[in-house]
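> This is the structure alone, sequence omitted:
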């Protein structure tokens, strides 16, 4: 399984909280070191605020965080994207100039934030120069423009070495840039007017670049030099149309979103379903072999020295709440108990005529663990089985009902559906072409102790094949909802996986996006359900950011007790 440690989880949670506090935008958060805003990737942002720089040795992480917070606070995102020009250099300049504007209007009472953003911007420019970005004419021109605008809007000098590098280029721009710099500073509190002047600066730079290449008509050479400069900045130009489309989609009503999603899910095709299975995993294994698996699982858990009592208390505190079960009579305060009204008249000095609801601490949650049983998970099956077994034991003793499910395929590379598809002429886009296998290791109605042989079935190597994740996620979610009749019940589905869906036959016949897109739609559908939370654990880099809620997963040698302790903290931080 892929790694996202608890330390990384806590760092991203802290960074997201700091951005929300500064910007006032409650939806801002980090997922897998990617900024999300209003449940969607934020998209492009000034290169010196790249979230990857939060871990760079030369960077000032607080400057990155404060810069993002100021951007969300003082910049109208839709207006910015609507005005952003096309082109590699043009869009980059517009982005950086807007970020310089919002950082320059940081209030005086946030002096620490102002100093952080200034330090980060200077450090980024120094790093750009140190990496050779200013050796080319385009790179030198860009860094000159950025540094000149930054100095004017912030009324601060640059380090002397940087000034020496850009001095000659800045002198050549003085006649053309003087008036524009004055306008930029005068209009920095008005985004729209500022953007008009910024576009004039961009036109000026475009003219300089065009003039430079007038004697070199080779478009290939021009693009090569532009790409070399951009590669130092790590910039990908925005697609205005796709950004605006995404923003407009967010304005669609919730009911319309659900209708469109339901329509998309209904378009998912399955070529043949008659070979699909849904079975109790332990029934597919000989009792003697199952006993061996059980012994291996017991031995692995015994080595862990898990603090059971502490973990049970932690999960009781997270998932339990006081509920009123019955009336407690003869209390000294509360509601008057009419059965004792005569006592009030005959014994006025005896005040025990009241009643109150007695409170009882009860767990208000159901949790399903859904395990990816694809081939890539086979090597870690002992650790996963031990972790899930221990987790279920803790939850059950905390009063929380659990279910453990898994998914894979009954064959490699399609099996019988694939063979029948080939016999019938290989029609294009046939849909899913494999024998889906859904495994039940423990159901809600069976206790942890009686289910241990079923969980031990996770050690059977033969169940690990290919994976069809989207169908399994919908299956597990529907089972969980069916077993959760109480509306106030807190239901959670945890997907343990290490990457994208993989079924070679289906991908070869339909393209690589069919299974992945269906999984993404299933994730979106799950997150729309009331009283329901979807969590991902160990999910691969490509899909990790798609999960709003994630649990950490440490290295192979990590202790199971540490994992379960960290999960308690992560559940708790999500509920706050």
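Yep, that arrived. What you see is a predicted model; the values in this text were computed from it and never measured. Numbering: from 1, shown residues only.
> Identify the residues contacting residue 499.
Neighbour list for residue 499: 2, 376, 539, 540, 542, 543 [criterion: Cβ atoms under 8 Å, 6 or more residues apart in numbering]. Where C-beta positions appear, they are placed from N, C-alpha and C, glycine not excepted.
> Please settle this for me: is residue 425 part of a strand?
No - under DSSP: H, G, I helix; E, B strand; the rest coil, residue 425 sits outside any strand and is assigned coil.
> can you tell me how far it sits from residue 268?
From residue 425 across to residue 268, the span is 22 Å (Cβ to Cβ, to the nearest Å).
> more crowded one of those two?
residue 268 (17 against 6; other Cβ atoms under 10 Å).
> out of everything not next to it in sequence, what's closest to that one?
In space, and not counting its chain neighbours, residue 268 is closest to residue 518: 5.0 Å by Cβ to Cβ, 6 or more residues apart in numbering.
> what's the average pLDDT for the helix or strand containing the one you found?
Using DSSP states H and E, residue 518 sits in helix 513-528. Helix 513-528 shows a mean pLDDT of 91.
> List the buried residues of whichever helix or strand comes after it.
Under the assignment DSSP H and E, the closest C-terminal helix or strand after helix 513-528 is strand 532-537. By neighbour count with 16 or more other Cβ atoms under 10 Å, strand 532-537 contains the buried residues 532, 533, 534, 535, 536, 537.
> Just checking, which of those comes out lowest on pLDDT?
residue 532 (89).
> What is the helix or strand harbouring residue 138 packed up against?
Applying DSSP H and E as the criterion places residue 138 in helix 137-154. Other elements packing on helix 137-154 under the criterion 3 or more Cβ pairs under 8 Å, 6 or more residues apart in numbering; DSSP states H and E are helix 88-104, helix 111-130, helix 160-186, helix 191-212, helix 219-233.
> Let me know which of these is tucked in deepest.
helix 88-104 (a mean of 22; mean count of other Cβ atoms under 10 Å).
> coming back round to it: I'd like the buried residues of strand 532-537 laid out as JSON lines, including distance to residue 184.
Compiled in JSON lines, the buried residues of strand 532-537 are given as follows (distance: Cβ to Cβ, whole Å):
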{"residue": "532", "distance to residue 184": "49"}
{"residue": "533", "distance to residue 184": "46"}
{"residue": "534", "distance to residue 184": "46"}
{"residue": "535", "distance to residue 184": "46"}
{"residue": "536", "distance to residue 184": "44"}
{"residue": "537", "distance to residue 184": "48"}
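> Among those residues, which one sits closest to residue 483?
Set against residue 483, the nearest of the buried residues of strand 532-537 by Cβ to Cβ is residue 532 (12.2 Å).
> partner residues bridging that closest one?
residue 491 (DSSP bridges).
> doesn't residue 478 make contact with it?
No - counting by Cβ atoms under 8 Å, residue 532 does not reach residue 478; the two are 10.9 Å apart.
> Where do the strands of this structure begin and end?
29-31, 34-37, 40-41, 277-280, 320-331, 335-336, 354-363, 365-372, 401-409, 436-442, 490-496, 532-537, 549-551 (DSSP state E).
> Adjacent strands (with direction) for the last one?
Yep, that's strand 549-551 we're talking about. According to DSSP bridges, strand 549-551 has the following sheet partners: strand 532-537 (parallel).
> now the angle between strand 365-372 and the partner strand, please.
Computed by axes from the mean of the first three to the mean of the last three Cα atoms, to 10 degrees, the angle separating strand 532-537 from strand 365-372 equals 40 degrees.
> Give me the contact list for strand 532-537.
Strand 532-537 has contacts (Cβ under 8 Å, 6+ apart) with 1, 473, 477, 480-481, 490-497, 523, 526-527, 543-544, 546-553, 574.
> Please list only the buried members of the residues you listed.
Buried among the contacts of strand 532-537 by 16+ other Cβ under 10 Å: 1, 473, 477, 480-481, 490-497, 523, 526, 543-544, 546-553, 574.
> Bridging across strands, which residues link to the nearest residue to residue 480 once chain neighbours are set aside?
Excluding its sequence neighbours, the residue lying closest to residue 480 (Cβ to Cβ, 6+ apart) is residue 368, at 4.7 Å. Assessed by DSSP bridges, residue 368 has beta-bridge partners residue 403, residue 493.
> Ok, which of the helices and strands packed on helix 137-154 comes nearest residue 8?
In terms of Cβ to Cβ, the element of these nearest to residue 8 is helix 111-130, at 20.9 Å.
> packing partners for that closest one?
helix 61-74, helix 88-104, helix 137-154, helix 160-186.
> out of the ones you listed, nearest to residue 118?
Closest among those, once you apply Cβ to Cβ, is helix 137-154, at 6.4 Å.
> And the closest one, what's buried?
By neighbour count on 16+ other Cβ under 10 Å, the buried set for helix 137-154 is 138-154.
> List the contacts of residue 90.
202, 206.
> For it, give its distance to residue 84.
8 Å.
> cool, residue 75 as well?
From residue 75 over to residue 84 (counting by Cβ to Cβ), the distance is 12 Å.
> and what of residue 542?
27 Å.
> Equivalent analysis for residue 26, please.
For residue 26, the distance to residue 84 - Cβ to Cβ - is 26 Å.
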